[in-house]
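[1] how would this look folded up:
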Amino acid sequence: MNSTADPVPPTHDHAADSPLDELLSQHQTTLREQFPLPDLEQLARQASERKRQREKRRAGSALLVLAMMATGLWYWNPAWRHETISTTAHTQQRLTLFDGSVATLDRNTRLSATWRLRSRDIQLEQGRAYFDVSHSAWRPFQVQAGTVQVRVLGTRFAVEHEPDALVVTVEQGRVQVRDQAHQPTVNHILQADERLQVDAAGVGPIETVQADTLLAWQRGQLLINDLPLEQAVHQLQAYLPQTLRVSDPALAQRRVSAVFQLAALDQLPTLLPKVWSVELQQQADGSLLLLPAKK
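    Residues are numbered from 1 along each chain as shown. Coordinates of the predicted model:
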């Protein structure tokens with residue numbers, strides 16, 4: 001009868017162990033105390049912290065670069081929009097600018113507007129313009145006319161750029177005027193109902209005026225209030241194709257007042273004799289000569 005023997009478990013041959021193995025086995029506890037195995041979880045946490053610190057430094061560097069770029073742009077003050085506006089000899093124009101400010105341009109006026117990162121710059125090349133400025137605490141509104149710079153500290157004002165002079169009139173708020181040719185470091189502050197003229201001689205005195213009267217042109221009217229006739233004719237001349245002249249010295253000093261609608265100034269030859277008791281005489285060169293009315 002055949003039988004199957006049970007399997008014999010393997011035996012460890014201690015004789016085969018090396019002396020080094022026996023020595024390590026005997027001092028295993030001591031070795032663990034002297035050379036502990038690393039904590040793998042702690043190593044993983046340390047590696048994660050080092051990675052987080054590297055990412056934080058990279059993010060900080062990126063923010064620093066962005067801050068430096070933003071600072072550079074702020075001081076550079078780059079322009080991002082430009083527009084040019086002009087009127088003809090027979091039209092006025094009222095429009096809302098890109099920043100929400102309202103500008104009224106008189107006849108024969110040309111200006112350009114440059115919108116920058118931290119400023120709103122207007123270049124008045126000729127004519128006169130009235131501005132109702134929208135508020136911006138960090139983007140000042142500035143008008144350059146020739147060598148004169150007007151910086152807005154308030155709301156409503158007008159700048160008149162003539163060939164021989166520049167006039168700033170404030171209706172509401174305040175403006176700062178600087179003549180860069182004669183007094184580049186001096187700022188003149190104008191308030192409501194004040195006017196300042198700058199010409200070849202430099203900056204004149206600040207005058208108290210009725211701004212509402214002087215700026216009636218932007219409402220389509222010309223208000224003449226108790227002026228010598230020669231000054232009234234000078235104001236009218238800006239709106240007429242023909243030249244007006246006063247040859248009589250006494251008539252030139254006669255004080256006159258009137259309200260004219262600018263849209264109806266083509267009827268002036270009919271209006272003036274009725275309003276100021278004068279006669280208009282057509283000259284060979286096309287000009288109109290004002291004479292005292294015959295009694």
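[2] please report how far the spatially most central residue of the chain lies from A192.
    Nearest to the mean C-alpha position of the chain, by C-alpha atoms, centre = their mean, lies R120 at 1.2 Å. Remark: distance between R120 and A192 (C-beta to C-beta, to the nearest Å) = 21 Å. Every residue, glycine included, has its C-beta placed from N, CA and C.
[3] go on, T169?
    Here the criterion is C-beta to C-beta. By it, T169 lies 10 Å from A192.
[4] quick check: domain ranges of the protein?
    The chain breaks down by automatic domain parsing into domains covering 79-211, 220-292.
[5] which of these has the lowest mean pLDDT?
    Mean pLDDT is lowest for domain 220-292 out of the domains of the chain, coming in at a mean of 89.
[6] biggest strand in the protein by residues?
    The longest strand of the chain (DSSP state E) is strand 120-132.
[7] and the next helix or strand after that one, which strands flank it?
    For strand 120-132, the following helix or strand on the C-terminal side (DSSP states H and E) is strand 141-145. Strand 141-145 has the following strand partners under DSSP bridges: strand 120-132 (parallel), strand 148-152 (antiparallel).
[8] contacts for the helix or strand following the shortest one?
    What that stands for is strand 148-152. Counting by DSSP H and E, the next helix or strand C-terminal to strand 148-152 is strand 156-161. Contacts to strand 156-161, defined as C-beta atoms under 8 Å, 6 or more residues apart in numbering, come from residues 124-133, 143, 145-146, 150, 166-173, 175, 190, 214-215, 218.
[9] got the angle between strand 156-161 and strand 141-145?
    Going by axes from the mean of the first three to the mean of the last three C-alpha atoms, to 10 degrees, strand 156-161 is angled at 20 degrees with respect to strand 141-145.
[10] give me the buried stretch members for strand 156-161, please.
    R156, F157, A158, V159, E160, H161 (16 or more other C-beta atoms under 10 Å).
[11] strands of the stretch 1-150 of the chain, start to end?
    79-86, 93-96, 102-105, 110-116, 120-132, 141-145, 148-152 (DSSP state E, counting those that start in this stretch).
[12] any chance of those in JSON lines, with distance to A293 too?
    As requested, the strands of the stretch 1-150 of the chain are exported to JSON lines (distance: least, C-beta to C-beta, whole Å):
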{"stretch": "strand 79-86", "distance to A293": "40"}
{"stretch": "strand 93-96", "distance to A293": "37"}
{"stretch": "strand 102-105", "distance to A293": "36"}
{"stretch": "strand 110-116", "distance to A293": "39"}
{"stretch": "strand 120-132", "distance to A293": "32"}
{"stretch": "strand 141-145", "distance to A293": "40"}
{"stretch": "strand 148-152", "distance to A293": "42"}
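[13] just to revisit the earlier point, the residue nearest to the centre of the chain contacts A113, doesn't it?
    Yes. Here R120 reaches A113: they are 7.3 Å apart, a contact under C-beta atoms under 8 Å.
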